[in-house]
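*Asks:* give me a 3D structure for the following:
(chains A and B)
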Amino acid sequence: MDRKQCCVKLSVQPSRGLMDEKFIVLVQNVFPGFQLTLHALYKCEDGHSWEAFAHYTASAIGTVNISEDPSLGGTYSGVEPMGLLWSLRPVPGSKPWLRMRKMNVQTPMEVTISVYPGYQTEGFLDQVPLAGVVVERWYMAPGVRRIPVTEAGLTATLFLPPGPGPFPGLLDLWGGGGKLVEYRSALLASHGFASLALDYLTAKVTIETGKMVDNQYFERAYKVLEQHPQILSSRIAIIGLSLGTSITLKMAVYSQVAKLRCVVCISGSHVQPVDGSVEQIMSFFNKNAEKTRFNNENHMICRDLLLPIPTDPSLKVDVGQLQCPLLLVVGEDDQNWPTHESAMDIKEMMERAGNSHLLTLLSYPDTGHLIEPPFTPFAKASSFRAVSSRQKLVALWGGETAAHSRAQEDAWRKTLVFLRANLYGGVNTGIASFSNL
Amino acid sequence: MGPKIPGGAPEPSTLDGNCNNAVLLNHGGVRWKNSFRQSPVLTAAPVRALIDEQISIKGSFLPPECPVTVCAQMHSDDGDLWEAFAHYNTNADGTVNLTKDHSVGGSYLGCEPMGLFWGLQPAPCAREGLRLRKKNVETPYVMLLSLLEGHVSPSERQSTELAAVITERWYMAPGVRRTEIRQDGVVGTLFLPPGPGPFPAMLDLWGMGGGLVEYRSALLASRGYASLSLAYIGHKDLPGSLTHINVGDSYFESAFHLLQDHRQVCADRVGIIGLSFGVYLTLRIATKTVVKPACLICVNGPVGSTVKFSDPDGRTEQFESDQKYWTYNDQGHVSFKDVSLPANLSAESKVKIEHLTCPLMYIVGEDDLSASSIESANLIEETLKAAGKSQLFTCLSYPGAGHLIEPPYTPNSRASLWSVKPQKLVTLWGGHPAPHAAAQEDAWKKILDFMERNLRRELLIKKNAGLKVPLCSCTI
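*Replies:* Model (predicted):
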């Protein structure tokens, strides 16, 4: 090749961005029509390497702009500005069924983006690229404060936005895998919401006593937000995913203590013993454990455990009594929970009760269970150890890479609009202003 | 469910002013009494930027046509507080957008998207004679940007703050590698861009202030150029006394070769950038030594040595040893400008500009009070013209700009502390805030463009024109 290597220019703007921010990847100074491969490499906290790649043809002026030009093949195709991130997958030879979750949110995700000559599909690490840059992706904006919370027996982390406040508050609940998962709260704080990530399955008190937390545990978490001098007690919401949705709906409808402005429920269901404790909810699921299915690859499908959606009112949160706006987000290919069916039932219950004007439903085709903040690698199935069973299996979450990734981007954007409208907006804002959505 | 006053706050008091819907809370900060209005928000994008990148600052959800102040505060590496502020009146839609709206008072006037950065000045409590220079280029400047109610000064921030955002401004892009160089007698710091290379490169020279100044090199590496900041005076790892230049031509040749021979540098794409006395060195290296730079960038510097030589290889006496051309203003601040007037330079120290063989960009600050830049530029232009080499010369000249034309969006010091012994001496650099800032912004773009053309694309163009070109020594 007679092309002078030092001419090729690769740039990514911004080089330091938030995890949910888009970037522009630009290649310049190659020959018009030049065929090249863009490659992304990420080494996660566990030491596993992830990669993505895509094939492009340089324009008539010798450039490739990922935001405008189509990928002609690779781990994604078409015009996908963020494809290099959401199509990341473990490099060949990796342990199977990995899921990428950053647990240390105080450091950025560092991704190396490189350009290689020609259309390549493998052996990237054995070659020297034409150019390479490093991009940092942050969960925390500068000035966001991370504060561990252990008062009132809680295992939690509070993230406060920079500035004088006071800020609206969010209680952030994840699902059956347990642990203290901070990344969504860190991002929400970066968008101006004080956010409390709460561990309610593997909390210190549970580890030490062997007992699951009771309903008051969640109300104590709510009170931490309500009483914080930099948080507006009248502007508190809950965001829950999976089992976290069960807790969220329960609190929204039945808690005497929690006065919520709105709730966000992702990939969850209202089916549960009404106002049961966490323990009771989990044993309810386990009672139907024989409905667990396995596909050809021996991946566990749990969606049938809650089907059919019961008609018995003692087995469903009475969403007809909900008094605050509800954003319901579901993936139509969810193989872990029957979220689509639950959503239909919730809608029907609210229509019958006359409060369906509070409901906003986002339902995404070819989208699975793990609807998370955007631009991280998609996992259709991954190793999962449920806190209840302690068995290590591979759970099928569902979804197709591109559709699921697009759904995450759309759902996150709409979640932020919904939260802003309800938590930053005026008193009489009952429903989000959907002209923005 | 109505609006609640946050728990623990006693009866709030109302602020005076045009927009008296604001309520002062006892724990500080301001909240709007009328909850129909969304709380004010201040955003900056990107929140983590390189020093030479623009940041868009916007305030939203404010009352329409109301006075607000946007205020910036940060600490230098030495711990001094620097601040800037500007007064705006919000738009009809309750926003203020620093990329479009006009400041009506404060550190700058008019539409200045980056005014809060180049308009920074030492806080009233700060020490005198300060100049903002980043010593540790591996950490960012952390800046607090606040939105304040009314047209106020930064000292009133605590009681009027509506919203805030924190930005980080970096000299190093992710992946840029910093290496200290103490090799072959060379004292410097090398910055390499991320990636395999090979890269075009720059040798980076500063002035008589001495030491090792890294921030311009760090930025150049962030823009894809390997860059070596070189110390030649006033550094403990250099031989001899701190106040003399004890290194000669061979030192600069070693530094240039070190860069050229680096396996990640394209040997035929190495240029030199110099400011102040660094200009003289740049021109001397290019015309008197064996090295052949691909291009030169000179900012506000002399065409001959402003210090007496102690040997023919360029080692010198002390800069302060000859003060006959120093002038003083009413405050006792010294201007070195006349020292570098071509007529005042010794004939043997003047560089033989006619021997230049590569493109040269000379940048002039017309209000330069430290060097005779206009005269120097003219002399270079005339000499090259006489030698039939005008095509090598590009000159940028900026009215109102001073001596210290540095990377953009950083504040200029019109004067700063030069020395404390034998007595405290403040030196004049010149430059007025707004024109100097504009000069830095424009010059940096043109510098990068010049480097792009001469260090990255040049061979390609020559190749297409059918000219014989040396093969790049880097192989693929």
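*Asks:* who are the packing partners of the strand ranked longest in chain A?
*Replies:* Longest strand in chain A, counting residues (DSSP state E): strand A:231-241. Applying 3 or more C-beta pairs under 8 Å, 6 or more residues apart in numbering or on different chains; DSSP states H and E, we find strand A:231-241 packed against strand A:167-173, helix A:215-227, helix A:243-254, strand A:262-266, helix A:401-423. Where you see a C-beta, it was placed from the backbone N, CA and C, and this is true even at glycine.
*Asks:* low-confidence stretches in the chain?
*Replies:* Because you didn't say which chain, this covers chain A. Scanning chain A for pLDDT under 70 picks out A:1-6, A:387-389, A:426-437.
*Asks:* actually it's chain B I care about, not the one you picked
*Replies:* B:1-37, B:458-476.
*Asks:* which one of the helices and strands packed on strand A:231-241 lies nearest to A:Leu158?
*Replies:* Nearest to A:Leu158 among these is helix A:215-227 (7.3 Å), distances taken as C-beta to C-beta.
*Asks:* partners of the longest strand of chain A in the sheet?
*Replies:* Here strand A:231-241 is paired, per DSSP bridges, with strand A:167-173 (parallel), strand A:262-266 (parallel).
*Asks:* format those as CSV; extra columns: mean neighbour count.
*Replies:* Below are the strands paired with strand A:231-241 laid out as CSV (neighbours: other C-beta atoms under 10 Å in any protein chain shown):
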stretch, mean neighbour count
strand A:167-173, 28
strand A:262-266, 28
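*Asks:* reformat the ones you listed as CSV; add distance to A:Ala411.
*Replies:* Converted to CSV, the strands paired with strand A:231-241 look like this (distance: least, C-beta to C-beta, whole Å):
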stretch, distance to A:Ala411
strand A:167-173, 15
strand A:262-266, 7
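*Asks:* what's the closest of those to B:Val70?
*Replies:* Taking C-beta to C-beta, strand A:167-173 is the member of the strands paired with strand A:231-241 nearest to B:Val70, at 20.0 Å.
*Asks:* contacts for that closest one, please.
*Replies:* A:160-161, A:184-185, A:188, A:192-198, A:200, A:218, A:221-222, A:225-226, A:228, A:230-233, A:235-241, A:243-245, A:247-248, A:261, A:419, A:423-424 (C-beta atoms under 8 Å, 6 or more residues apart in numbering or on different chains).
*Asks:* cool, stretch B:107-121 as well?
*Replies:* Residues outside stretch B:107-121 that contact it (C-beta under 8 Å, 6+ apart) are B:54-57, B:70-72, B:74, B:82-86, B:98-103, B:106, B:132, B:143, B:145, B:169, B:408-412, B:433-434, B:436-437, B:440-441.
*Asks:* return the set of buried residues in it.
*Replies:* Buried positions in stretch B:107-121, judged by neighbour count with 16 or more other C-beta atoms under 10 Å in any protein chain shown: B:107-108, B:112-121.
*Asks:* what do you get for stretch A:247-266?
*Replies:* Buried residues in stretch A:247-266, counted by 16+ other C-beta under 10 Å: A:247-253, A:255, A:258-266.
*Asks:* check the offset of it from the chain's centre.
*Replies:* 20 Å (C-alpha atoms, centre = their mean, to the nearest Å).
*Asks:* close to chain A: what parts of the stretch 51-200 of chain B are there?
*Replies:* The interface of the stretch 51-200 of chain B toward chain A, taken as C-beta under 8 Å from any C-beta of the partner chain, is made up of B:53, B:61, B:142, B:144, B:146, B:161-168, B:170, B:173-175, B:194-200.
*Asks:* mind checking which of the residues you listed are buried?
*Replies:* Among these, those scoring as buried are B:53, B:61, B:144, B:146, B:161-168, B:170, B:173-175, B:194-200 (criterion: 16+ other C-beta under 10 Å).
*Asks:* what residues does the stretch 251-400 of chain B have near chain A?
*Replies:* Contact residues, the stretch 251-400 of chain B versus chain A (C-beta under 8 Å from any C-beta): B:266, B:269.
*Asks:* break down the stretch 251-400 of chain B into its helices, ranges please.
*Replies:* Under the criterion DSSP state H, counting those that start in this stretch, the stretch 251-400 of chain B contains helices at B:277-288, B:373-386.
*Asks:* can I get the first one in CSV, CA atoms only?
*Replies:* This points to helix B:277-288. The C-alpha trace of helix B:277-288 is given here as CSV (Å, rounded to 0.1, in the frame of the first residue of the first chain):
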residue,chain,number,x,y,z
PHE,B,277,12.5,33.7,22.5
GLY,B,278,11.4,30.3,21.1
VAL,B,279,10.9,32.1,17.8
TYR,B,280,14.6,33.0,17.6
LEU,B,281,15.5,29.4,18.4
THR,B,282,13.1,28.1,15.8
LEU,B,283,14.6,30.3,13.1
ARG,B,284,18.1,29.5,14.2
ILE,B,285,17.5,25.7,14.2
ALA,B,286,16.0,26.0,10.7
THR,B,287,18.7,28.0,9.2
LYS,B,288,21.9,27.3,11.1
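*Asks:* now what about it, what contacts it?
*Replies:* Contact with helix B:277-288 is made by B:203, B:205-208, B:232, B:249, B:252-253, B:256, B:272-274, B:291, B:293, B:296-307, B:314, B:351-353, B:355-358, B:360, B:362, B:376, as judged by C-beta under 8 Å, 6+ apart.
*Asks:* same question, stretch A:120-130
*Replies:* Against stretch A:120-130 from outside (C-beta under 8 Å, 6+ apart): A:5, A:8, A:10, A:36-37, A:39, A:41, A:51, A:53, A:74, A:91-92, A:114-117, B:195-196.
*Asks:* buried subset of those residues?
*Replies:* By neighbour count, with 16+ other C-beta under 10 Å, those hold A:5, A:8, A:10, A:36-37, A:39, A:41, A:51, A:53, A:74, A:91, A:114-117, B:195-196 as buried.
*Asks:* so which of the residues you listed sit within strands?
*Replies:* Per DSSP E, those map to strands at A:10, A:36-37, A:39, A:41, A:51, A:53, A:114-117.
*Asks:* the residues you listed also near chain B: which ones?
*Replies:* A:10, A:114.
*Asks:* could the ones in strands among the buried ones among the contacts of stretch A:120-130 be laid out in a markdown table, adding distance to A:Val144?
*Replies:* A markdown table is the format used below for these (distance: C-beta to C-beta, whole Å):
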| residue | distance to A:Val144 |
| --- | --- |
| A:Leu10 | 30 |
| A:Leu36 | 37 |
| A:Thr37 | 36 |
| A:His39 | 31 |
| A:Leu41 | 27 |
| A:Glu51 | 30 |
| A:Phe53 | 33 |
| A:Ser114 | 31 |
| A:Val115 | 33 |
| A:Tyr116 | 36 |
| A:Pro117 | 41 |
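*Asks:* and the residue nearest to A:Val330 when sequence neighbours are not counted, how close does it get to chain B?
*Replies:* If the residues on either side of it in the chain are set aside, A:Val330 comes closest to A:Thr339, at 4.0 Å by C-beta to C-beta, 6 or more residues apart in numbering or on different chains. Going from A:Thr339 to chain B by C-beta to the nearest C-beta, to the nearest Å gives 29 Å.
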